[in-house]
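> Build me a model:
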Amino acid sequence: MKPGKTGMARLVDATRNSWRGLRATFTNEAAFRQELLLVAVLGTASFWAARNTTEWLLLVLPLGILLITELLNSAVECVVDRIGEEFNELSGRAKDMGSAAVLLSLATIALAWGAVGWDRFHA
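Got it, this is the predicted structure:
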């Protein structure tokens with residue numbers, strides 16, 4: 001184990017670092033802000049759309065996955081940009097893969113909401 005803080009001090013530092021990461025992503029990534037708006041709207045609508053706890057979880061959990069995926073995608077982009085601005089096939093591939101992960105998260109949201117909507121409103 002590497003030397004450093006342990007116990008509660010480590011937990012406090014980790015929490016501080018996590019909040020700093022969320023703040024940095026919010027400040028520097030327009031996509032994250034847009035996705036937060038989507039999460040706020042759909043998260044609120046989920047209380048109306050879901051008929052039970054299981055449906056509510058089916059609607060809300062993909063929203064959390066979207067934010068997690070966007071945070072990881074933003075981290076990949078930061079690391080790639082830190083390495084250099086010149087074109088590199090692997091750097092481009094890494095960014096495209098991160099973007100694809102976000103797209104799949106959005107598709108998961110559409111599928112979950114579509115399934116619940118179909119079940120609730122289909123005659």
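> the longest helix in this structure is where?
helix 89-121 (DSSP state H).
> So which elements touch it?
helix 30-49, helix 53-83 (3 or more C-beta pairs under 8 Å, 6 or more residues apart in numbering; DSSP states H and E). Using the backbone N, CA and C atoms, a C-beta is placed for each residue, glycine as well.
> change it to 7 Å
helix 53-83 (3 or more C-beta pairs under 7 Å, 6 or more residues apart in numbering; DSSP states H and E).
> Distance-wise, check the most centrally placed residue in the chain relative to Asn28.
Central residue of the chain (C-alpha atoms, centre = their mean): Leu67, 1.5 Å from the mean position. Leu67 is 15 Å from Asn28, where distance means C-beta to C-beta, to the nearest Å.
> Next up, the contacts around Ile65.
The contact partners of Ile65, by C-beta atoms under 7 Å, 6 or more residues apart in numbering, come to 105, 108.
> one more time with 6 Å, if that's ok
Ile65 makes contacts with Ser105, as judged by C-beta atoms under 6 Å, 6 or more residues apart in numbering.
> And stretch 63-82, what's buried?
Using 16 or more other C-beta atoms under 10 Å as the burial criterion, the residues of stretch 63-82 that qualify are 63, 65-67, 69-71, 73-74, 76-77, 80.
> nope, stretch 112-123 is what I meant
Buried, per 16+ other C-beta under 10 Å, within stretch 112-123: 112-113, 116.
> Kindly report the same for stretch 54-64.
Neighbour-count burial for stretch 54-64, counted by 16+ other C-beta under 10 Å, picks out 55-56, 58-60, 62-63.
> could I have that stretch exported to CSV, CA atoms only?
C-alpha atoms of stretch 54-64 as CSV (Å, rounded to 0.1, in the frame of the first residue of the first chain):
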residue,chain,number,x,y,z
THR,A,54,-39.1,-1.3,-10.2
GLU,A,55,-40.2,0.9,-13.0
TRP,A,56,-38.8,4.0,-11.3
LEU,A,57,-35.4,2.3,-11.0
LEU,A,58,-35.5,1.2,-14.6
LEU,A,59,-36.0,4.9,-15.6
VAL,A,60,-33.6,6.5,-13.1
LEU,A,61,-30.6,4.1,-13.1
PRO,A,62,-29.7,4.7,-16.8
LEU,A,63,-29.6,8.5,-16.0
GLY,A,64,-26.9,7.9,-13.4
